[in-house]
Each structure stands twice: as C-alpha cells, then as structure tokens.
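Trainee: with the input below, show me the fold.
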Amino acid sequence: MKTIEFLAEVLEFVRMQLPERLQNVIVIGPNMMMAKLHYGDPAVHYEVWVQKRKGLVEVGLHFEGTKERNAAYLHALSNRSGEIRSALGNSVELEQWTASWTRVHEHIALEALDADMLVSVGHTLARMIIVLEPMVREAEA
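Mentor: All right, here's what the predicted structure looks like:
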C-alpha cells in the first residue's frame, strides 16, 4: 500500500475508534509521509509520521507552539507520566524534542504498510488521543 493511502485509512480507522466526545477532530493531510489531527489549535496536534528510511512509524502528540507554552504542556504531562505509561505502555516517551518543540510519542517498527500495521498504528493513535486529550484540555484550563 502507498504511504498516503495507508495514512488515509489510518485516519478513518482512528475516527471510528474515538468516543463521541472526541469526534470533532480536525484532520490535516495526509501528505506523502504524515498526517496530523488537532482539536482547534494546529500547534497542538496528534501525528502519524511514516519514516521508511528509519523503518518506523511515529505516533505522537506534538507541541509546536511557543517554547514557553510547549514547556508548560510537557511539564503538565510529565507530572502525570506514571498515569500515561500505565494507560499507554512503557514505550511512550515524553520529551523536549527540539529547542522549542516537545512531544509525547511512541515508535512502531515498520515492516510493511499492510492491514496489520494499519490496525496497530490506528489503535495506538486512537488510544493516545483518548488518554491524552483530556489531560491536554486540563492543562489548558
């Protein structure tokens, strides 16, 4: 399957997994290697990034706004890292990604863009949204 087709199907799969309270997600893309979803602020978005050269798919919540705001989100989520890892697994990382951007993400080994990978990535992203979005909204309040 081509990457753009894979991502489009992942997005559709994720939409079907989300509860009604999270159905108002806005989709950006997919493009040739990634798709993003957000709830009104594109600087705070969930992302699926297919990295064929590295042999992985990144699924994550990215904070790409101002340095201060991103740091505040990371701090708020870091305070709940035990809860996050309990819900999402120990492979989830919370980190300062660049000088100003932060993220909560997980890498999934990429073998083939097939139905099994679609389900794996789709479940991971849907679960991430279900667990993290309420925490993001609390942090914003």
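Trainee: CA atoms for contacts and neighbours, from now on please.
Mentor: Will do.
Trainee: so what's Leu110 closest to, chain neighbours aside?
Mentor: Closest residue in space to Leu110, ignoring its immediate chain neighbours: Leu56 at 4.4 Å, by Cα to Cα, 6 or more residues apart in numbering.
Trainee: please apply the same query to Ala99.
Mentor: Lys67 (7.7 Å).
Trainee: so what's the residue nearest to the spatial centre of the chain up against?
Mentor: Note on the chain: the residue nearest the mean C-alpha position is Gly60, at 2.7 Å, using Cα atoms, centre = their mean. Neighbouring residues of Gly60 by Cα atoms under 8 Å, 6 or more residues apart in numbering: 46-48, 103-106, 125, 128.
Trainee: let's see 6 Å
Mentor: Taking Cα atoms under 6 Å, 6 or more residues apart in numbering, we find Gly60 in contact with 46-47, 104-105.
Trainee: please apply the same query to Glu47.
Mentor: 35-36, 59-60.
Trainee: scan those and report the most crowded one.
Mentor: Val59 (26 neighbours; other Cα atoms under 10 Å).
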